[in-house]
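>>> The following comprises the amino acid sequence and a computationally predicted model.
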Amino acid sequence: MIIPELPEYLTLLGGAEYKGLIISLFTITAMVSRPFSGKLADKIGRVPVMIFGSTVCLVCSLFYPIVTTLAGFFLLRLVHGFSTGFTPTGTTAYLADIVPAHKRGEAMGLLGTATAVGMAGGPSLGGLIANQFGLDAMFYCSSFLAFISIAILLTTRETLKTKEKFSITHLKIKREDFFEPLVLAPCLVMVLTAFSYGAVFTVIPDFGQFVGIKNKGLLFTFLTVASLVIRLLAGKASDRYGRVPVLRISTFFVLLSMLVIGSSTTSFQLIIGVTLYGFAQGSTSPTLLAWATDLSHHEFKGRGIASLYIFMELGIGLGAFLSGLLYANDSSRFFITFLVCGSLGLLALIYLLVRPRLVKKLI
């Protein structure tokens with residue numbers, strides 16, 4: 001809801017040149033918090049981890065209208081990252097607990113569909129509220145929706161069979177808590193493809209204005225509706241045909257969509273490119289989640305999922321920060337910005353094509 005409006009909000013605060021930090025600061029905290037959320041999800045339960053993340057979202061959304069300085073805004077973005085660092089980890093681990101392995105891709109697609117519904121409606125609703133009632137009303141509405149999510153979670157049954165009471169020792173992170181080696185392959189694909197996601201959410205609002213699209217949330221609606229349409233199909237396909245074959249197709253579409261977006265000169269072309277990226281992203285995300293869950297040890301699902309999310313945040317953060325530097329508020333640099341994103345998508349595709357041969361050689 002709030003992401004499409006944050007570039008303009010930052011400009012009003014006098015920080016137009018720092019737009020790349022809007023997403024990257026958020027993802028830094030999300031990435032740093034993943035080892036903690038993964039360990040806590042495996043120790044004290046999935047539901048408390050989800051509730052904490054939603055509570056952060058509620059509180060931060062309430063504070064945005066109060067912040068009037070750049071330093072305050074960037075601090076708030078850092079804190080807000082805890083919401084993404086905790087809630088998706090708990091949610092994905094919870095889903096893995098209740099769904100059989102042969103339907104895991106479909107289930108991750110369904111989870112992604114629910115996310116896409118929020119991501120599709122959020123930007124449009126946020127843009128509408130901001131245009132009609134102002135930015136403050138948009139932030140308060142975001143906070144209210146987070147409150148509803150907490151109310152739902154308070155009635156949700158815990159799925160972790162052996163729970164421990166929270167202790168300060170749970171916050172002591174060992175080296176093995178930072179990364180699960182078993183999920184290295186999906187993590188590599190994730191970081192290469194997530195770079196495009198960070199770039200899209202950082203640069204597309206300005207790109208949309210450049211080609212004459214006034215409602216900045218509209219492009220994100222096309223993106224997420226396309227993602228919504230494809231998620232369940234991609235999830236089922238990965239259950240039937242395998243994770244890697246589906247990912248080869250989706251990473252090709254990452255490359256194609258970045259080239260289309262970067263070369264767009266009209267609103268129609270940009271919408272086509274963003275829609276193609278929605279198909280790519282909607283296929284890649286649930287398939288990687290299912291793949292990482294497949295590879296994770298059953299006692300450390302939270303850690304395996306958290307590892308994947310760490311690489312997702314790393315990719316998004318780098319994508320947001322570097323695309324902001326590449327773009328530099330210069331419309332003539334749109335193409336080079338998205339060409340870099342497409343090149344990383346190509347690297348992911350090449351890795352998926354050669355990986356089976358590398359595995360055979362190692363065996």
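Noted; the coordinates are in hand. Numbering: from 1, shown residues only.
>>> contacts, neighbours, all on C-alpha from now
OK.
>>> those helices in the stretch 101-250 of the chain, which residues are they?
Under the criterion DSSP state H, counting those that start in this stretch, helices of the stretch 101-250 of the chain are mapped to 104-133, 135-153, 175-178, 184-210, 217-241, 243-262.
>>> Which of those helices has the lowest mean pLDDT?
Lowest mean pLDDT within the helices of the stretch 101-250 of the chain: helix 175-178, at a mean of 70.
>>> circling back to that earlier point, make a markdown table from the helices of the stretch 101-250 of the chain and add distance to residue 321 to it.
As requested, the helices of the stretch 101-250 of the chain are exported to a markdown table (distance: least, Cα to Cα, whole Å):
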| stretch | distance to residue 321 |
| --- | --- |
| helix 104-133 | 21 |
| helix 135-153 | 24 |
| helix 175-178 | 23 |
| helix 184-210 | 8 |
| helix 217-241 | 19 |
| helix 243-262 | 17 |
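>>> and of these, who's closest to residue 22?
For the helices of the stretch 101-250 of the chain, proximity to residue 22 was assessed by Cα to Cα; helix 184-210 is nearest, at 7.5 Å.
>>> Relative to residue 52, how far out is residue 154?
Per Cα to Cα, to the nearest Å, residue 154 is found 11 Å from residue 52.
>>> In terms of neighbours, single out the busier of the two.
Neighbours were counted for residue 154 and for residue 52 using other Cα atoms under 10 Å; residue 52 has more, 19 against 13.
>>> Next up, phi/psi of residue 67, please.
phi -70, psi 130 (degrees, to the nearest 10).
>>> which stretch of helix or strand covers the nearest residue to it once chain neighbours are set aside?
For residue 67, ignoring the flanking residues on the chain, the nearest one in space by Cα to Cα, 6 or more residues apart in numbering is residue 73 at 6.1 Å. Residue 73 belongs to helix 70-98 when assigned by DSSP states H and E.
>>> What residues sit buried inside that helix?
Residues 70, 73-74, 76-97 are the ones in helix 70-98 that count as buried (16 or more other Cα atoms under 10 Å).
>>> Confirm for me that residue 160 is in contact with residue 46.
Yes: using Cα atoms under 8 Å, residue 160 is in contact with residue 46, at 6.8 Å.
>>> Overlap of the contact sets of these two?
Jointly contacting residue 160 and residue 46 under the rule Cα atoms under 8 Å, 6 or more residues apart in numbering are residue 94.
>>> quick one, which of the two is more surrounded?
More neighbours surround residue 46 than the other of residue 160 and residue 46, with 30 against 17 (other Cα under 10 Å).
>>> Now do the more buried one against residue 103, distance only.
Applying Cα to Cα to residue 46 and residue 103 gives a distance of 20 Å.
>>> Ok, residue 11 next?
Taken as Cα to Cα, the span from residue 11 to residue 103 is 46 Å.
>>> who's more crowded, the two?
When neighbours are counted by other Cα under 10 Å, residue 103 comes out ahead of the other of residue 11 and residue 103, with 17 against 14.
>>> Next up, the contacts around the more buried one.
Counting by Cα under 8 Å, 6+ apart, residue 103 touches 236, 239.
>>> swap in residue 85?
For residue 85, the contact set (Cα under 8 Å, 6+ apart) comprises 29, 30, 31, 32, 33, 34, 37, 53.
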